[in-house]
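Student: What follows is a predicted protein model with its sequence.
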Amino acid sequence: MFDRLARLPRWIQLLIAALIARAVTFGSPLLHVDEEFYFVTAQRMVAGAMPYVDIWDRKPVGLFLLYMPAAALGVPLGIWAYQAMALASVTGTATLIARMADKAGFGRGALAGAILYILCLNFGDGQGGQAPVFYNLFVAGAFALVLPAPEDRAGDWRRMARGVLALLLVGLAMQVKYTVLFEGMFLGLWLMWREWRLGSGLAKVAAYGAAMVAAAVAPTAAAWAWFVAAGHGDAFVYANFTSILARRSEPWFRLLGAALKAALILAPLLILAGFSRHTRVEGDRKPVRDLMFGWLIAAVGGFAIFGSWFNHYTLPVMVPAAICAAGALGSHERGRRWAKTIVIAVFVIGQAVLISNAWFRGNARQLEALAGAIGHGPGCLYVYSGTSMIYGYTGRCAVTAWIFPSHIARERENGALGTDQLEEVDRIFARRPQFVVMRPPFIGERIEARDRVSAHLKADGYRLKGRWPIGDQMLSVYEARASGAVSPRLAATSSE
């Protein structure tokens, strides 16, 4: 059986590996709060909602456009669809990882390195449709387009055109998430440096650089121009750029914990990559290897600079790290001997992580029970804290543009939304949502926001309909009484 598998094309072997690695997650609508929100936002966009105006977030519009085909299918079919798209993206990225490992002289370990990428995604919340799961394919494609070769000559327009195309792919990746900026900057500077080393003059190198910058900026400029034409240019700029700088930092102890966890997630690949650095390769492979290690350094630097260090911020680092790790897995006798053991160990631990995540975060059956209790009637819904996927499963209207619960509920978002959190709570209850959902208090929550919501629930005539489990938490559902009236005291600041 294994001999038969080994004779299959590499991309099919990697697809099988990805299917096995991610099988326990398929169909679950509660893999991560981020992708739950991406799906709901795309649903609302299909229905005509305007990003940054009718539904607010900081992510580039390209990410939501990516989700729209799946979201148009509704639930639960759309959940399976976006996860199938993520599976295809992972398989494509892993195939490019193996190809670039071959070009770097790490061919013996190329398949093992690509499989490790697939498996390590499960450690960094990449088991579903996180943004880097998709944009890693664009970035890997960009680097694969411009790998140095012995026959490269200065001024070759075909090679330079590939460089411009590579930066266009980076630009498209930036419209999935802006964190790709540092990898793109490294690639552009490396291409200019290589052109100079090949013998091109400074004027030609500068023109080449200008063309690459234009290509990289073009997708974001096009998105901005579209919003300007629609009369929402300011909203686009604030959400995509200004609000990022206004967001508060997490407490130092939480940042330290996140950094340590991220280091642990990346440790297997980075350690193997370190061993690969001294692997002997043929002379014409050295430029490729140097580019791969430079990419890895740029990816680690970009991860470190952003400073949030959430688990999924490790995902972009995994691509160059897996390429570089292939050297240790295939070029060293000890690495080849231990490769299967490493792959099996990472697979088993990764599956344990996924099962643990499912227990803590919940499953489709729990979400369907909660959505069934709320129902699909005409009254609107407000999820103060909990999963935004409740909107997707009930189809109920929203009473605020800030439907990602953390935006109103978290302390770090205070002053970085373009609206005052407490005033927005007042406006929400002035619109009289039929149902309100709250999870128990959590670390990082703005207590004043919870107190304001609780005061409205009491003063505006809401009753507790019941509590339903989602993962390890019980979510409380409050329903407006038919005769309830909005408290004049609390609605005093709610005029629109």
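Tutor: It's in. Residues are numbered from 1 along each chain as shown.
Student: Need the contact partners of stretch 162-172.
Tutor: 62, 138-139, 141-143, 145-146, 180, 183-184, 187-188, 191, 208, 211-213, 215-220 (Cβ atoms under 8 Å, 6 or more residues apart in numbering). C-beta: built from backbone N, CA, C; applies to glycine.
Student: Using PyMOL, define a selection of the buried residues within those.
Tutor: A single PyMOL command selects the buried members of the contacts of stretch 162-172 (16 or more other Cβ atoms under 10 Å):
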select buried, resi 62+138+139+141+142+143+145+146+180+183+184+187+188+191+208+212+213+215+216+219+220
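Student: Sort out for me which of the contacts of stretch 162-172 are in helices.
Tutor: In helices, defined here by DSSP state H, the members of the contacts of stretch 162-172 are 62, 138-139, 141-143, 145, 183-184, 187-188, 191, 208, 211-213, 215-220.
Student: tell me the contacts of Ala72?
Tutor: Applying Cβ under 8 Å, 6+ apart to Ala72 gives the contacts 42, 46, 78.
Student: all helices for the stretch 101-250 of the chain, in order.
Tutor: Assigned by DSSP state H, counting those that start in this stretch, the stretch 101-250 of the chain shows helices spanning 110-120, 131-145, 157-174, 181-197, 202-229, 233-237, 243-246.
Student: Nearest to Arg361 among the contacts of Ala72?
Tutor: Relative to Arg361, the closest of the contacts of Ala72 is Gly78; by Cβ to Cβ it sits at 18.6 Å.
Student: And the pLDDT for the closest residue in space to the closest one that isn't next to it in sequence?
Tutor: Counting by Cβ to Cβ, 6 or more residues apart in numbering, Gly78 lies nearest to Ala70, which is 4.6 Å off, once chain neighbours are set aside. Looking at Ala70, its pLDDT reads 98.
Student: Number the chain from 169, please
Tutor: Got it, the first residue is 169 from now on, which makes the last one we talked about Ala238.
Student: circling back to that earlier point, would you list the contacts of Ala240 in a markdown table and tack on secondary structure?
Tutor: Shown next, in a markdown table, are the contacts of Ala240 (DSSP: H, G, I helix; E, B strand; the rest coil):
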| residue | secondary structure |
| --- | --- |
| Ala210 | helix |
| Val214 | helix |
| Gly246 | helix |
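Student: ranking these by neighbours, who comes first?
Tutor: Counting neighbours by other Cβ atoms under 10 Å, Ala210 comes out on top of the contacts of Ala240 with 26 neighbours.
Student: Poorly predicted segments of the stretch 169-318 of the chain, please.
Tutor: Within the stretch 169-318 of the chain, the segments meeting pLDDT under 70 span 169-171.
Student: so who does the most centrally placed residue in the chain touch?
Tutor: The chain has Ala299 as the residue nearest its centroid, 2.5 Å off, counting by Cα atoms, centre = their mean. Ala299 makes contact with 202, 206, 227, 231, 344-345, 480, according to Cβ under 8 Å, 6+ apart.
Student: And stretch 315-333, end to end?
Tutor: By Cα to Cα, to the nearest Å, the extent of stretch 315-333 from end to end equals 13 Å.
Student: Quick check: buried residues in that stretch?
Tutor: Within stretch 315-333, judged by 16+ other Cβ under 10 Å, the buried ones are 315-316, 322, 327-328, 330-333.
Student: what's the most distant pair in these?
Tutor: Between any two of these, the greatest separation by Cβ to Cβ is 18.9 Å, found for Ala322 and Leu333.
Student: Confirm that Pro601 sits in a helix.
Tutor: No - secondary structure of Pro601 (three-state DSSP): coil, not part of a helix.
Student: Skipping its backbone neighbours, what lies nearest it in space?
Tutor: Distances taken as Cβ to Cβ, 6+ apart put Tyr550 closest to Pro601, at 4.1 Å, once the chain neighbours are dropped.
Student: hang on, the one you found is in a strand, isn't it?
Tutor: Yes - under three-state DSSP, Tyr550 sits within a strand.
Student: Tell me what it is bridged to.
Tutor: When bridges are called by DSSP bridges, Tyr550 pairs up with Val604.
Student: check contacts around it.
Tutor: Tyr550 sits in contact with 566-568, 596, 601, 603-605, where contact means Cβ under 8 Å, 6+ apart.
Student: of these, closest to Leu289?
Tutor: Distance to Leu289 across these (Cβ to Cβ) is lowest for Val605, with 30.1 Å.
Student: My read is that the closest one contacts Ala541, right?
Tutor: No - using Cβ atoms under 8 Å, Val605 is not in contact with Ala541, being 10.2 Å away.
Student: quick check, nearest of the buried residues of stretch 315-333 to Pro436?
Tutor: Nearest member of the buried residues of stretch 315-333 to Pro436, counting by Cβ to Cβ, is Leu315, at 25.2 Å.
Student: Return the distance of the closest one relative to Ala541.
Tutor: As judged by Cβ to Cβ, to the nearest Å, Leu315 and Ala541 stand 55 Å apart.
Student: for Pro455, same thing?
Tutor: Here the criterion is Cβ to Cβ. By it, Pro455 lies 61 Å from Ala541.
Student: Same question for Asp588.
Tutor: For Asp588, the distance to Ala541 - Cβ to Cβ - is 32 Å.
Student: These two: which is more packed in?
Tutor: Taking neighbours as other Cβ under 10 Å, Asp588 and Ala541 compare with Ala541 leading, 16 against 13.
Student: Contact partners for that one?
Tutor: Ala541 neighbours (Cβ under 8 Å, 6+ apart): 633-634, 636, 645.
Student: Just give the number of residues close to the residue lying closest to Pro609 once chain neighbours are set aside.
Tutor: In this structure, Pro609 finds its nearest non-sequential neighbour in Arg618, 6.5 Å apart by Cβ to Cβ, 6+ apart. Each residue near Arg618 was counted by other Cβ under 10 Å, and the total is 19.
Student: So Arg618 is in contact with Ile576, correct?
Tutor: No - taking contacts as Cβ under 8 Å, Arg618 lies outside contact range of Ile576: 10.0 Å.
Student: tell me, what's touching those two both at once?
Tutor: Taking Cβ under 8 Å, 6+ apart as the criterion, Arg618 and Ile576 both touch Tyr552.
Student: Show me the shaky parts of the stretch 319-468 of the chain.
Tutor: 449-451.
Student: any idea where the helices of the stretch 419-568 of the chain begin and end?
Tutor: Going by DSSP H, counting those that start in this stretch, the stretch 419-568 of the chain shows helices at 420-444, 454-474, 483-499, 501-529, 532-542, 557-562.
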